[in-house]
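Trainee: next come a sequence and a model predicted from it.
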Amino acid sequence: MKFLVKHAMQALYPTTEHGPGIDQTHLDDFLARYRREAPPAMYAGLLAASLAFEFTPPLTVGQLKPAFLLSPEALDAHADRLTQHDAYAVRQLMLLIKLAAGLCWGADAQVREGMNLRPYPADPGTWQTT
Amino acid sequence: MSHIAFQPKGQRVDVEADYVVVGSGAGGAAAASVLARAGYKVAIVEAGPWRAPQDYPSTTYGAMRDLFDNWGLQVALGKSISPVVQARCVGGTTVINSAICVRTPGDIFRQWAREWGVPEQGLSASVWRHQDDLEQELCAELVPPASRGRSTELALEAAEKLGFKEHHVMTRYVKGCQGSGQCLQGCRNLTKQSTNVNLVPEVRARGGVVLSCAPVDKVVMKRGEAVGVTGRFIHPGNRSKGAGFFVRARKGVFVAASATYTPVILMRSGIRHPKLGHFFRAHPGAGVFGVYDEPIDMNVGATQGWASIGFRDSPGIKLETLAIPPEMIASRLSGGGTALMSKLSEYRHLAMWVHSIRAETAGRVRNLGGKPFVTYSLDLPDMHRLRAGLYLTAQMHFAAGAKAIIPGIHGLPYKLGPDDLELIKHAPLEHRRYITIMTHLFGGAVMGGDPRTSVCDPTGKVRGTRNLFVSDAAAIPTVLGVNPQHTIMGLARHFAERQVA
């Protein structure tokens, strides 16, 4: 399943001439943390959305194969069309991937540098106990 | 011990106070401070952990994990899905909002009297007097010029060019804003005056006690009297359950757990009123990006700096600038793949201006397995307002010199030029085509003069009880058309003051 989630995220946020994609961030670490820390319903939603992404190319590019077997051009078209699909439920599912992936991609120091923003310091994850 | 955080399973924690206040956000902290200043021992019971500014996260991921209620997973379900943004920490939503300070408009008190039987009888004078005090205590000030950022400057220019009768630089509870653009993640610069850095510590200093990581299960009622609250600690890291707690209230209980949680806590406490959970309202919001030739760098400067309430009466909208962090922007732009990356490459040149509507729609909060379940579907007049707000915001961007705008309406082109504005004016009115968020929540346990329609009487007391009060937005029966924090705090102080007078 992790392969499918990663693949969907990489297809949605690819590296281009405009800058780094999600493959150039610490995606494995992020996904491990997300699975460990996010509410189960959120992670389950991400899995469901990734499954939907992988098995819907017939709806977008008319090819009867999963997204991970598409050519790079067809995969790119699939990613763009599925996120703008007329069916609201499909758009909402894709939003779950875009949102989770955005949390990883947008916090990356290299990405932020390209946006004229300083790198984030680490989240302390602490609270007051006394 | 004046702060009791998570306690592991074992012996139950028992605390006794004169008054128990459930929730530590705008309403809870404001009420608690009045009670404590009157010499009473107050116990504040907060569901989330106490994070001081040095504990605040930097990233949006961290904000969702550490500050938001259930990672921001709560939504309002209707014809579409709209996120409901609330915090779960000591300080409540004041930790993650922009601390915008707007006085309660006079027409609101008249509306409450006319439509809900809440007698004026000095109410407005009392709320405004408390708001005077709060502005001093919480250092309300204009966003300083050096911290406004380019987006705010452009909005000011646009409003002038379009001849807006009313628009202004925001006044916020922020002392010396440094323009870090981190309101959403909590202000690590210690300038934003969220209640966890002022009123809650004051209650402790006056002999009160704070229980954090302590979600209240129910208010314990005995023959119409609230005698305390019970619950079980939840670990803020691994969410494991800890010890049970009972906080005994000698004099009364104020519930201020938000417009979604307050009704559910009352339901769990056995309060039976046919309108409990009804009249849930909000200011649903949407936004338009302007695309500019010059870099805007919207995350440099205050998160929010400019607003207009000049359209509050007609068509019923409020306009604001808003910076959203890079992590969130992709979910606001359409598309995926190389097309999305091309759109994201314009980030530095985008300014986001938003509007929220003074919606007439009412939804409902239900108790689903002990959690709030919110249903809300914008009605047609409100959809007209939503669309009108997008049109006005788009007009502003072009007045400010934007070369294009991104309306975010499904079915319309991704970008529109000045000649395409009519497309927004005639855009379909299906809510599912728009990206909206539920901000500023009200109702669910509303106050009023008619026992059949109002859960609380005009003093905030829950009907059928002797000493159980609602002191947050849940008691407010209408939307305001302005940012609500100041009203929530002024009203909460008014309710608390009546009990100690």
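Mentor: Looks like it came in fine. Numbers count the residues shown, from 1 in each chain, chains lettered A, B, ... in the order given.
Trainee: residues in contact with B:V247?
Mentor: B:V247 is in contact with B:14-17, B:20, B:43, B:45, B:211, B:228-230, counting by Cβ atoms under 8 Å, 6 or more residues apart in numbering or on different chains. To be clear about C-beta, it is placed using only N, CA and C from the backbone, and glycine gets the same treatment.
Trainee: so what's B:E497 up against?
Mentor: B:34, B:126, B:130.
Trainee: scan those and report the most crowded one.
Mentor: Comparing the contacts of B:E497 by number of neighbours (other Cβ atoms under 10 Å in any protein chain shown), B:V34 comes first, having 26 neighbours.
Trainee: contacting residues around the residue nearest to it when sequence neighbours are not counted?
Mentor: Closest residue to B:V34 apart from its sequence neighbours, by Cβ to Cβ, 6 or more residues apart in numbering or on different chains: B:A496 at 3.9 Å. Contact analysis of B:A496 by Cβ under 8 Å, 6+ apart lists B:30-32, B:34-35, B:254, B:471.
Trainee: and if we set it to 6 Å?
Mentor: By Cβ atoms under 6 Å, 6 or more residues apart in numbering or on different chains, the contact set of B:A496 is B:31, B:34-35.
Trainee: longest helix anywhere in the chain?
Mentor: With no chain named, the answer covers chain A. Longest helix of chain A, by residue count under DSSP state H: helix A:88-105.
Trainee: my question was about chain B
Mentor: Using DSSP H to define each element, chain B has its longest helix at helix B:380-399.
Trainee: tell me the one among the contacts of B:A496 nearest to B:A339.
Mentor: Closest approach to B:A339 among the contacts of B:A496 (Cβ to Cβ): B:A31, at 50.7 Å.
Trainee: thought that closest one was touching B:S471?
Mentor: Yes - if you go by Cβ atoms under 6 Å, B:A31 and B:S471 touch, sitting 4.2 Å apart.
Trainee: show me which residues of chain A sit near chain B.
Mentor: Contact residues, chain A versus chain B (Cβ under 6 Å from any Cβ of the partner chain): A:12, A:14, A:16, A:18, A:37, A:39, A:42, A:76, A:79-80, A:83-84, A:88, A:95, A:98-99, A:102-103, A:106-107, A:115-116, A:120-121, A:123-124, A:126-129.
Trainee: just checking, what packs against the worst-scoring helix or strand of chain A on mean pLDDT?
Mentor: For chain A, counting by mean pLDDT, DSSP states H and E, helix A:109-114 ranks last in confidence among helices and strands (a mean of 94). Helices and strands touching helix A:109-114, as assessed by 3 or more Cβ pairs under 6 Å, 6 or more residues apart in numbering or on different chains; DSSP states H and E, are absent.
Trainee: closest to B:S334 among the contacts of B:A496?
Mentor: Taking Cβ to Cβ as the measure, B:S334 lies nearest B:A31 of the contacts of B:A496, at 43.9 Å.
Trainee: and the buried ones among the contacts of B:V247, selectable in ChimeraX?
Mentor: Filtering those down to the buried ones (16 or more other Cβ atoms under 10 Å in any protein chain shown) takes a single ChimeraX command:
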select /B:15,17,20,43,45,211,228,229,230
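Trainee: possible to save the contacts of B:V247 as CSV with distance to B:A76 and pLDDT?
Mentor: CSV is the format used below for these (distance: Cβ to Cβ, whole Å; pLDDT from 0 to 100):
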residue, distance to B:A76, pLDDT
B:D14, 37, 98
B:V15, 35, 98
B:E16, 38, 98
B:A17, 34, 98
B:V20, 29, 98
B:A43, 32, 98
B:V45, 26, 98
B:L211, 29, 98
B:G228, 32, 98
B:V229, 27, 98
B:T230, 29, 98
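Trainee: and chain B, what are its domains?
Mentor: B:3-60+B:86-139+B:197-279+B:442-500, B:142-173+B:282-361+B:379-435 (automatic domain parsing).
Trainee: next one: stretch B:186-206 to chain centre, how far?
Mentor: Relative to its chain's centre, stretch B:186-206 lies at 17 Å (Cα atoms, centre = their mean, to the nearest Å).
Trainee: now do stretch B:276-286
Mentor: The answer for stretch B:276-286 is 11 Å, by Cα atoms, centre = their mean.
Trainee: ok, which stretches of chain A are helices?
Mentor: A:2-12, A:27-37, A:40-54, A:57-60, A:72-82, A:88-105, A:109-114.
Trainee: coming back round to it: which residues are common contacts for B:A31 and B:S471?
Mentor: Joint contacts of B:A31 and B:S471 (Cβ under 6 Å, 6+ apart) are B:254, B:492.
Trainee: quick revisit: which strands and helices sit next to the longest helix of chain B?
Mentor: helix B:149-161, strand B:281-291, strand B:350-357, helix B:421-425.
Trainee: including mean pLDDT and mean neighbour count, could these go into JSON lines?
Mentor: Listed next are the helices and strands packed on helix B:380-399 as JSON lines, based on pLDDT from 0 to 100; neighbours: other Cβ atoms under 10 Å in any protein chain shown:
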{"stretch": "helix B:149-161", "mean pLDDT": "97", "mean neighbour count": "21"}
{"stretch": "strand B:281-291", "mean pLDDT": "97", "mean neighbour count": "25"}
{"stretch": "strand B:350-357", "mean pLDDT": "97", "mean neighbour count": "26"}
{"stretch": "helix B:421-425", "mean pLDDT": "96", "mean neighbour count": "15"}
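Trainee: adding distance to B:A205, write those out as CSV.
Mentor: As requested, the helices and strands packed on helix B:380-399 are exported to CSV (distance: least, Cβ to Cβ, whole Å):
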stretch, distance to B:A205
helix B:149-161, 36
strand B:281-291, 35
strand B:350-357, 36
helix B:421-425, 53
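Trainee: JSON lines for the ones you listed, including distance to chain A?
Mentor: Converted to JSON lines, those look like this (distance: least, Cβ to the nearest Cβ, whole Å):
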{"stretch": "helix B:149-161", "distance to chain A": "12"}
{"stretch": "strand B:281-291", "distance to chain A": "14"}
{"stretch": "strand B:350-357", "distance to chain A": "10"}
{"stretch": "helix B:421-425", "distance to chain A": "17"}
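Trainee: of all these, which lies closest to B:K175?
Mentor: Distance to B:K175, taken as Cβ to Cβ, is lowest for helix B:149-161 among these, at 18.3 Å.
Trainee: gap between that closest one and the chain center?
Mentor: 25 Å.
Trainee: C-terminal to it, what's the next element?
Mentor: Later in the chain than helix B:149-161, the nearest helix or strand by DSSP states H and E is strand B:168-169.
Trainee: what strands flank that following strand, and is each parallel or antiparallel?
Mentor: Its sheet considered, strand B:168-169 pairs with strand B:306-308 (antiparallel) by DSSP bridges.
Trainee: now stretch A:1-12: buried residues?
Mentor: Neighbour counts over stretch A:1-12 (16+ other Cβ under 10 Å) mark A:4-12 as buried.
Trainee: pLDDT of it, averaged?
Mentor: Averaged across stretch A:1-12, pLDDT comes to 96.
Trainee: surely A:I97 meets A:A8?
Mentor: Yes - the pair A:I97 / A:A8 is scored as a contact, 5.3 Å apart, by Cβ under 6 Å.
Trainee: neighbours of A:P40, just the number please.
Mentor: If we define neighbours as other Cβ under 10 Å, then A:P40 has 8 of them.
Trainee: circling back to that earlier point, could you list every helix and strand that the longest helix of chain A packs against?
Mentor: Using 3+ Cβ pairs under 6 Å, 6+ apart, helix A:88-105 is in contact with helix A:2-12, helix A:40-54.
Trainee: how about the helices of chain A in a markdown table, adding distance to B:K222?
Mentor: Compiled in a markdown table, the helices of chain A are given as follows (distance: least, Cβ to Cβ, whole Å):
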| stretch | distance to B:K222 |
| --- | --- |
| helix A:2-12 | 52 |
| helix A:27-37 | 40 |
| helix A:40-54 | 37 |
| helix A:57-60 | 60 |
| helix A:72-82 | 57 |
| helix A:88-105 | 46 |
| helix A:109-114 | 56 |
